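Asker: need coordinates for the below:
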Amino acid sequence: MAFYDRRTLDGVYSVRQSVNHIMNYRYAEERMMRMMAGWIALTPEIPVKIEMARQVYEDALHTDALGKRLPELRAQAQVSKAANQNFAAFIQEIEDKEQWEDTIERLVGIYRVLKPHLIAHYSAHVTAANPVYEPPTIRILARLLEEEKAHVEKGLVLLGDLLDSPEKSRRAAQWQAHLEDLLAASGGVTGFASEQEEPKKIGRS
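Answerer: Numbers count the residues shown, from 1 in each chain. Purely as a prediction, here's the structure:
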């Protein structure tokens with residue numbers, strides 16, 4: 001007789017936890033899409049404008065895919081939800097860099113902080129997701145992982161081109177540290193201090 005580890009079969013997340021996380025991910029993707037779209041007209045560097053426009057389109061597709069997954073988990077479609085007010089404030093801090101000369105801060109916020117944070121959570125979710133009822137979520141997040149990693153790779157190249165002096169590098173590092181402090185205080189996109197989740201409660205969700 002074969003024996004199975006039910007913890008592996010069940011996965012880390014209950015259905016309700018998966019729903020909440022997808023809403024949290026959708027919130028981050030939607031806000032990121034909207035802020036980057038708004039920044040295009042405020043950004044003087046043409047290569048940055050072009051790459052932002054492409055990534056806005058892909059982040060819009062991410063937002064839609066996450067929203068369409070929700071009713072399959074018995075939740076309302078296309079709902080975004082911040083994990084808490086501190087995470088919403090962290091996102092707003094990134095978005096508020098709207099001055100013509102703020103390109104470095106915008107790129108640091110997206111490509112050194114927010115997108116890498118989402119990549120870490122998506123990767124952890126894919127690893128821990130229930131293999132029985134979560135294959136659609138795994139497929140969605142695997143696609144997001146691939147595309148977000150490509151976004152970060154291209155964004156860091158653009159940022160590197162702008163960091164052409166020690167003063168600019170210090171400026172970028174200081175802004176990154178500030179945002180990382182805010183992100184840590186919020187508990188991250190799902191409201192937890194790391195990608196490790198609270199233990200799933202016993203019983204049906």
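Asker: and the next element down the chain from the least confident helix or strand in the chain by mean pLDDT?
Answerer: Here the helix or strand of the chain ranked lowest by mean pLDDT, DSSP states H and E is helix 6-10, holding a mean of 50. Following helix 6-10 in sequence order, the next helix or strand is helix 15-39 (DSSP states H and E).
Asker: just checking, what packs against that next one?
Answerer: helix 46-69, helix 85-95, helix 115-128, helix 135-162 (3 or more CB pairs under 8 Å, 6 or more residues apart in numbering; DSSP states H and E). From N, CA and C alone the C-beta is placed, and that goes for glycine too.
Asker: now the angle from the third one to helix 85-95?
Answerer: Going back to what we said before, that points to helix 115-128. Angle, helix 115-128 to helix 85-95, by axes from the mean of the first three to the mean of the last three CA atoms, to 10 degrees: 140 degrees.
Asker: and the contacts of helix 115-128?
Answerer: 11-13, 21, 25, 28-29, 32, 137-138, 141-142, 144-145, 148-149, 151-152, 155, 183, 188-190, 195-197 (CB atoms under 8 Å, 6 or more residues apart in numbering).
Asker: now it: buried residues?
Answerer: 115, 117-119, 121-126 (16 or more other CB atoms under 10 Å).
Asker: I'd like those as a markdown table, with distance to Tyr133 appended.
Answerer: Formatted as a markdown table, the buried residues of helix 115-128 follow (distance: CB to CB, whole Å):
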| residue | distance to Tyr133 |
| --- | --- |
| Lys115 | 28 |
| His117 | 26 |
| Leu118 | 23 |
| Ile119 | 24 |
| His121 | 20 |
| Tyr122 | 18 |
| Ser123 | 20 |
| Ala124 | 18 |
| His125 | 14 |
| Val126 | 14 |
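Asker: on the pLDDT front, check the most centrally placed residue in the chain for me.
Answerer: For the chain, Leu118 is the residue whose C-alpha lies nearest the centre (CA atoms, centre = their mean; 3.1 Å). The model reports Leu118 with a pLDDT of 98.
Asker: and for the one 4 residues further on?
Answerer: According to the model's per-residue confidence, Tyr122 sits at a pLDDT of 97.
Asker: report the separation between it and Met32.
Answerer: Noted for Tyr122: a distance of 13 Å to Met32, by CB to CB, to the nearest Å.
Asker: the residue nearest to the centre of the chain and Leu163, how far apart?
Answerer: For Leu118 relative to Leu163 (CB to CB), the value is 23 Å.
Asker: isn't Tyr25 up against Leu66?
Answerer: Yes: Tyr25 is within contact range of Leu66, at 5.6 Å (criterion: CB atoms under 8 Å).
Asker: who are the contact partners of the closest residue to Val79 other than its chain neighbours?
Answerer: Spatial nearest neighbour of Val79, excluding adjacent residues (CB to CB, 6 or more residues apart in numbering): Met23 at 5.4 Å. Residues in contact with Met23 (CB under 8 Å, 6+ apart) are 70, 75, 79-81.
Asker: for Glu105, state which of those is nearest.
Answerer: Ser80 (24.1 Å; CB to CB).
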